Each structure stands twice: as C-alpha cells, then as structure tokens.
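In: Predicted model and sequence follow; I will ask about them next.
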Amino acid sequence: MFNPESLLDAVDWEKLEIVESLLKNGTDPNIVNEKGMSPIHLVCYRPRLWHKQFDIARLLILYKADLNLKDKYGNSPMMNLFQHDHDYNTYRLDMLKLLLENNAEVPNNYKTKKDFDNQENSKLIEQIDMLMKNSNGLSFYRFPHESPLHLAVHFRALETVELLLKTGIDSDQFDDERTTPLNRICNFPKLTDIDLKMIRLLIKFKADVNKKEDDEHFIHYSDSIKSPVGNTPMINLFHYKEDYELRKEALRLLLDGNADFTLSGRGGDTVLDVLLQNELNTKIIEVIELLIKYGMDLNKVNRNGTTPLYYPLFERETEKVEVLLKSGADPNVCCFNSLSPLNFICVASDLTCADLNMIKLLIQYKADVNIEDDNGYSPAINLYYVSHYRRSPWDKNDHTHRESEDHLYRKQVFELLKENNADLTDLDWDGECITCK
C-alpha cells in the first residue's frame, strides 16, 4: 500500500509532487530500503524510463542524492541503470548523462549492453565520449560485459574508435559474445569503407590479427574433428559472405598485418576451405590468387586431414578443381587412408559425369595413374573393387538389364586410364581385378 510519507514509496509510485514536497521538508534523499537501495537506485532500476523518472532523478540530485552509494549487492545507481535487459531508449541515455554530469563514478565493471544497438549513432557516440571523460578504467572491462570499443565498432563510429584506442583501451578484449572488435568487423554481413578504416586503426594500435573468437563454452566439438576454438578474423571475413570486393581489400590489410592464413577455425577449416565452400565466382578466384601471392600453400593438409583440393572433389565441383590445379595444387597429395585425388574418385560408390571430367583434369595436371593406396590398390583396381560388395553392372531400376550410368562411366574412366599408361596387370578384359575376386 502506498505511503505518502515515504520517499521510497513516492519514487516507486512516480509521485513527482510528493517527492518534491518530501525533499523540501527535509526528508533524507539517501534513505534506503531493506536491499540498501536509495531513491536514486530505484529510479535507475526501473525497467522502463520516461520523462517523469528523469524529473524525479533531477530533483533527487538537486537535494544531494549520493550518486555513488552502493546497495547491499554492491551496485551503484549507474550500475542499476544497465543492470538488466531494460529498454535502452533516449531517457536511459539521458539518465546516464545526468549521472555523469553530476560526478557519478564509472565503475570498472560498468556494463554497456549490446541492447544499445537500437540507438541513434549520435546518441551512442555521445555516451561513449562521456564514459571516456569520466573513467580511467576503460581498459579493464570484464567478460561478459560489452566494451565501449565494441559498441563504437558496431555503430561504425570511426572517430570514437580512434579516441578509445588512443586511451590505451584493450583492442583484443572479448564482448559478451566472446568476440574481439576486429572479429566483429570481419563478421559484418556487408562491409563499408568505414570498416576498412576501422581495421586499419585496430591493426595500427596492435590488435591481434590472429586472435580467435573464444566460443568453447557454446559449441561442443567432436574429438574426431579436433577443431580449434573459434574463427580468426580472416576466416570470419569470408564465412558465409558475398561482398568480395571490399573483403579482398580487408584481407590485404590483415595479410600486411601478418595474419596467418594457415590457422584453422571451427570445424578445422582454414580460410581457403571456407572460400571453397562458397559458390565459385571471379571474385573468389581473385581472393585465392591474393592468398597465393602472399605465400599460401595449396597442398597443406588441414586439421581434418585434407588438402583444399578434396573439398571440390567431394562436392563434385569441377570448376573449383580446375582453379586449384591451375593455381598449383598437387594432384598426387594423399589423404583419407592414403587416397590420392584420383583414387578418391575411383572408390566412389556411384560415378557421375562430373567425376569423369575431374579425372580428365587430374590426368591433364599430371596425376599419377598408378599411385597406390594403403591397400596397394591403384586407381584402375579401385575403379571396380570395393571390399564390402561387388557393384552390379546393371541398372537396378531397369528390368531390361540396361547398363547403369555408374557402370558406363567406369568403363570410360577405365579406357582413360588405359590411354594414359595405367598398369593393368591383374585386371581382366572388363577391368575386374582378378586377384580381388
């Protein structure tokens, strides 16, 4: 029940006239409730702010409310202002400004939540500038709080980013999504010229261009995958992205800043693996060429045990296979139980036209047609032999006993291997392995 003689009740019930009357009559503006919360604590803790609470706060400050008083939980009014997922509207930012203008201290673990995303850019810049002027602890933000630098980056507030970096703020700190400012920029769905300028600034102020997102608490990896935790900025730059023109320039900045393109991210993928998972176009080819120019090895085996060439082989993407082979990929590097790319295709359960075309490319780029796997089988033997079953040469869905497409393609591959001097010892006239029967 509302008590008109209680300042705490008057504040809680938003009775502006009663608040003013009680303060004029000498009521202590710093009286606290059972939780140690003063009237100004209650105002700042409101889930929704509007002009009446702002007017009440100004009255309390006028009558010497202690803006640095801590409640039983150690929270100041400013900490209460952003304690929960409140509505971050103009009044909440105005309240922050009011507290700062009246010498409220900014604690080192002050929280500026990501919910500020809905605010106008000018308001955000104003807020961060106020924080800079009123706190010496900007470099000591602790997980899971979001820092002013992350917010400035998010809103592309270039001048504020530079000011913050000049104060010595930690450019590699994590936000509440455990990502760095540089990773956040590279993760933007669409890059702008301002983003490139922010990347230059971060690199200039010694941001770690290889620092990964730390998402081990959110994603469980199978031991068989052996994936490291998180993506690097370079990997995020191209992970499910399309605007390659500016991303290529961003990549150049990262490479000039000594970014390591051999590092793996989620799933064990390197930046090249990520690029090859996107639809091929001229821009992707230009990015791959840039990576090669900076010394990328197309034949390096990643943490999943494959070279980049195996991704398009597995997906039967002939164009990507050709791009990699033209760029220097070795067609004889073995992965998957010592399977060469040629053997990898030949052991497939169903051959297609794409497989035939990829084999032609591999042979064109000097694939060894007699290279053996761990079982001692060459491509010609693997073409017809599978340890668990014998492929039927007939189309299972055709009762007229027409040859299956798979069998027809195998015959063409067999002839192709034969034309290129494959060793056909122990193979019968139809390509069957005599010693395997």
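Out: Structure's in. What do you need?
In: Find the residue closest to Asp193 in space, skipping its chain neighbours.
Out: Nearest non-adjacent residue to Asp193, counting by C-beta to C-beta, 6 or more residues apart in numbering: Leu246, 7.5 Å away. The C-beta positions use only the backbone N, C-alpha and C, and glycine is treated the same way.
In: quick one: buried residues of the strand or helix carrying the one you found?
Out: Here Leu246, judged by DSSP states H and E, is contained in helix 244-256. Judged by neighbour count (16 or more other C-beta atoms under 10 Å), helix 244-256 contains these buried residues: 244, 246-248, 250-255.
In: Touching the following helix or strand past that helix from outside, list them.
Out: Going down the chain from helix 244-256, the next helix or strand is helix 271-276, by DSSP H and E. By C-beta atoms under 8 Å, 6 or more residues apart in numbering, the list of residues contacting helix 271-276 from outside reads 232, 234-235, 237-239, 261, 265, 284, 287-288, 291, 296, 298, 302, 308, 311-312, 320, 324.
In: The following helix or strand past helix 271-276 - what's its average pLDDT?
Out: Proceeding N to C from helix 271-276, the next assigned helix or strand is helix 282-293, under DSSP H and E. Here helix 282-293 scores 93 as its mean pLDDT.
In: If I take helix 282-293 and helix 244-256, what angle do their directions form?
Out: 10 degrees (axes from the mean of the first three to the mean of the last three C-alpha atoms, to 10 degrees).
In: Packing partners of the helix or strand following helix 282-293?
Out: Using DSSP H and E, the helix or strand that follows helix 282-293 in sequence is helix 310-315. If you count contacts as 3 or more C-beta pairs under 8 Å, 6 or more residues apart in numbering; DSSP states H and E, helix 310-315 packs onto helix 271-276, helix 318-326, helix 341-346.
In: for helix 310-315, which positions count as buried?
Out: Quick answer for helix 310-315 (16+ other C-beta under 10 Å): 310-313.
In: okay if I get the residues you listed as JSON lines plus distance to Lys35 and pLDDT?
Out: Below are these laid out as JSON lines (distance: C-beta to C-beta, whole Å; pLDDT from 0 to 100):
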{"residue": "Tyr310", "distance to Lys35": "61", "pLDDT": "91"}
{"residue": "Tyr311", "distance to Lys35": "58", "pLDDT": "88"}
{"residue": "Pro312", "distance to Lys35": "62", "pLDDT": "93"}
{"residue": "Leu313", "distance to Lys35": "64", "pLDDT": "93"}
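In: which one of those residues sits closest to Asn33?
Out: Among the buried residues of helix 310-315, Tyr311 lies closest to Asn33 (C-beta to C-beta), at 62.4 Å.
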